[in-house]
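In: Structural data only, the sequence is not supplied:
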């Protein structure tokens, strides 16, 4: 149940106060907070993690997502800047491409969203669940 989940999260948060250099702990805390709709706290957890691993692109992706969640679900501003930075460093980064599609879609640029998502879909086997799900977004954006 939710209460147990929250207790586990608080336990992890306390452990990280004792051991602030535990990168995996910060990432786990951030992801757990995201999963339980505690976006502001997730943002802070990812900020700690990024101090330990400032070049980690997956982590930047989580951070951008959490920032957007804390920002009423909007990628505008800093989340979009972080996504652009991820793709500058790795144009094929999966989370970067996914989020860049969301940014483009939010900006009303369906064609750009489709380009990002096609680049993402091409990295999965054609018959995979991922490819099918991404295909559904491509169809929506293209229409």
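Out: Received the coordinates, thanks. The structure displayed is predicted, hence computed values, not measured ones.
In: got the contact list for stretch 114-127?
Out: If you take CB atoms under 8 Å, 6 or more residues apart in numbering as the criterion, stretch 114-127 is touched by 91-92, 94, 97-98, 100-101, 104, 130-131, 134-135, 137-138, 141-142. Where you see a C-beta, it was placed from the backbone N, CA and C, and this is true even at glycine.
In: and the longest helix for this structure?
Out: Identified as the longest helix of the chain according to DSSP state H is helix 2-18.
In: what's the following helix or strand after that one?
Out: Moving toward the C-terminus from helix 2-18, the next helix or strand (DSSP states H and E) is helix 23-35.
In: could you measure the residue nearest the centre of the chain against residue 28, distance?
Out: What sits nearest the mean C-alpha location of the chain, by CA atoms, centre = their mean, is residue 62, with 3.3 Å. Distance, residue 62 to residue 28, by CB to CB, to the nearest Å: 11 Å.
In: what residues do the two have in common as contacts?
Out: Here residue 62 and residue 28 share no contacting residue, scored by CB under 8 Å, 6+ apart.
In: Which of the helices or strands spans residue 127?
Out: Going by DSSP H and E, residue 127 is not part of any helix or strand.
In: Check the spacing between it and residue 30 real quick.
Out: The value you get for residue 127 to residue 30, if CB to CB is used, is 33 Å.
In: These two: who's more crowded?
Out: More crowded of residue 127 and residue 30, by other CB atoms under 10 Å: residue 30, with 26 against 7.
In: Now do the same for that one: its pLDDT.
Out: Looking at residue 30, its pLDDT reads 97.
In: which SS state does the closest residue to it other than its chain neighbours fall under?
Out: Spatial nearest neighbour of residue 30, excluding adjacent residues (CB to CB, 6 or more residues apart in numbering): residue 45 at 3.7 Å. Secondary structure for residue 45, judged by DSSP: H, G, I helix; E, B strand; the rest coil, is helix.
In: my guess is residue 45 contacts residue 36, does it?
Out: No: contact criterion CB atoms under 8 Å: residue 45 and residue 36 do not qualify, at 12.0 Å.
In: Give me the more crowded residue out of the two.
Out: residue 45 (27 against 14).
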